Structure formats: structure tokens, C-alpha cells
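Q: Dropping the sequence and predicted coords here.
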Amino acid sequence: METIRVLIVEDHLLLAAGLGAILGAVPGMSVAGEAASADQAGERAEEVRPDIAVVSLALRGGAGLDAVRRCRHAGARVL
């Protein structure tokens, strides 16, 4: 079975850590990286090339949609 690589984009550290723990425990999934801003999301997506990005639309400064665009530009599907 191929592993699905996930990028988590969330600026609340506790929520990001919890989501990472849950997704990391799912067979066939691995957390490829985390980001806390739209800028970091774009950089990390380019670095790790995730299959999926789980993005908080409520990032500080209203940058959630910008993070979505950056992750999609890097080739990730966005949830």
C-alpha cells in the first residue's frame, strides 16, 4: 500500500499537534510536514510535495485562502 503524505497548515500549535498525531496513527498515512502560515505552507509544500494538505481557513490575518492557493500550486490536494 502506498503512503499518503499529508501537510498540516494550522497556526494553533495544540490543534496541529493533535491532528498530526491522529493522522500519523492512520495506516497508510504519514505527516510530511507542518506549517503555521500561508508563506510557510507554500515553502513546505514545495519542499515535501505532499499528496494532501489539510489547511485551516482561519489562519491569522485571513491567510487561509492564500495558503490553499499556495499548496494547490505545489500540486497538493487541499482539504
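A: Received it, and whenever you're ready, just let me know what you need. Numbering: from 1, shown residues only.
Q: contacts, neighbours, all on C-alpha from now
A: Noted.
Q: what residues does the lowest-mean-pLDDT helix or strand in the chain touch?
A: Ranking every helix and strand in the chain by mean pLDDT, DSSP states H and E puts strand 77-78 at the bottom, with a mean of 84. Outside strand 77-78, the residues within contact range by Cα atoms under 8 Å, 6 or more residues apart in numbering are 51-55, 68, 71-72.
Q: change it to 10 Å
A: Strand 77-78 is contacted by residues 6-7, 50-55, 67-69, 71-72 when judged by Cα atoms under 10 Å, 6 or more residues apart in numbering.
Q: Would you mind giving the residues you listed as JSON lines with pLDDT added?
A: What follows is these, written out as JSON lines (pLDDT from 0 to 100):
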{"residue": "Val6", "pLDDT": "96"}
{"residue": "Leu7", "pLDDT": "96"}
{"residue": "Pro50", "pLDDT": "95"}
{"residue": "Asp51", "pLDDT": "94"}
{"residue": "Ile52", "pLDDT": "94"}
{"residue": "Ala53", "pLDDT": "94"}
{"residue": "Val54", "pLDDT": "94"}
{"residue": "Val55", "pLDDT": "93"}
{"residue": "Ala67", "pLDDT": "90"}
{"residue": "Val68", "pLDDT": "89"}
{"residue": "Arg69", "pLDDT": "88"}
{"residue": "Cys71", "pLDDT": "88"}
{"residue": "Arg72", "pLDDT": "90"}
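Q: from those, which is closest to Gly42?
A: Gly42 lies nearest to Cys71 out of the contacts of strand 77-78, by Cα to Cα, at 5.6 Å.
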